[in-house]
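Colleague: Output the structure for:
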Amino acid sequence: MPEGASAAASFLALASLQTGRLLLPAASPRAAAAGSGPTAETGVWSAQRAGWWRLAVQMLVYGMNGSLQVQGELLRQLYDMMAEALVGVWPPERRLDLDALSAEPPPEVAAALAGGLLRGLAMIFALVDGTLDPFYRLAVTELLAACDRISPGPGPGPGPAGGGLALVLVPAYGERAEAQSVLEGLGVMAGLTGPPHSGPHPTVAVVKRAAAGFLGTVGGALRRCRRLAEAGPPAQGDGSHRQGPRRQPPGGVLCGPSCLRHFQRPCR
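Modeller: Purely as a prediction, here's the structure:
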């Protein structure tokens, strides 16, 4: 498809997603966060939300070339829509509070996962990591910038940083392997893990700052998390069955340190 036609198709796709988002049946932030309320409980609501996310992820992955044209403006708007939708699961002040998460994914997060968000991000990261073409750099830097725009405060340095990224990635209740693929992609692009590039990768500096900010933000949230502390370490020995049921820690496969293990040494 010629570049002009590709950009025009991306404009139409983005406009359709924006209109479709407005037409989705609404659920109040409180009901959506708690997974309650008549609209949030219906299968139709979930299917419509998941369908919107599926289309958004398909545009992100398969419409990347068209979205990156016009200085990445279309991609910027797409990422903004996705980030704003997911950050709504947090309290109004948008503080990274793991105790505010339910054990089960909030409806919007469940819809995003059903729509393939984590798989789509992993594919984007693999695409960007596999090329030194600066054309694709915006695919990552615009994601980081969109996450920073929904963050309550500035990041730990100039340019896109990881605080806002944590707000979007931490409530990822999906499969651990998918979440780990996303984190590994960030690590490779930041030059923190994986084989070294033959030359300077255009994303290294900005993604490295984001990875450091992400780890700092998530590490602080883990230390503040009361439910995670109350859950304690797994019971040991034959008497473990007498310990009673353990408290359920907050949901989210990224709430535990195991998915972050491959980042820890380089970021010290």
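Colleague: And stretch 48-55, what's buried?
Modeller: Using 16 or more other CB atoms under 10 Å as the test for burial, stretch 48-55 gives 48-50, 52-54. Heads up, the C-betas are built off the backbone N, CA and C, glycines and all.
Colleague: Check stretch 80-87 too.
Modeller: 80-83, 85-87.
Colleague: hang on, the earlier thing: restricted to helices, list the buried residues of stretch 48-55.
Modeller: 48-50, 52-54 (DSSP state H).
Colleague: Format the residues you listed as TSV; extra columns: distance to Arg223 and pLDDT.
Modeller: TSV is the format used below for those (distance: CB to CB, whole Å; pLDDT from 0 to 100):
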residue	distance to Arg223	pLDDT
Gln48	38	89
Arg49	33	90
Ala50	34	93
Trp52	35	95
Trp53	32	95
Arg54	36	96
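Colleague: Turn those residues into CSV, columns for distance to Gly162.
Modeller: Listed next are these as CSV, based on distance: CB to CB, whole Å:
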residue, distance to Gly162
Gln48, 32
Arg49, 27
Ala50, 27
Trp52, 27
Trp53, 23
Arg54, 27
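Colleague: For Thr203, list the residues it contacts.
Modeller: 128-129, 137, 140-141, 189-190 (CB atoms under 8 Å, 6 or more residues apart in numbering).
Colleague: For the stretch 101-250 of the chain, just list every one of the helices.
Modeller: Counting by DSSP state H, counting those that start in this stretch, the stretch 101-250 of the chain has helices at residues 107-114, 117-129, 138-149, 163-169, 176-189, 204-224, 226-231.
Colleague: Leu98: which of the ones you listed is closest?
Modeller: For those, proximity to Leu98 was assessed by CB to CB; helix 204-224 is nearest, at 5.1 Å.
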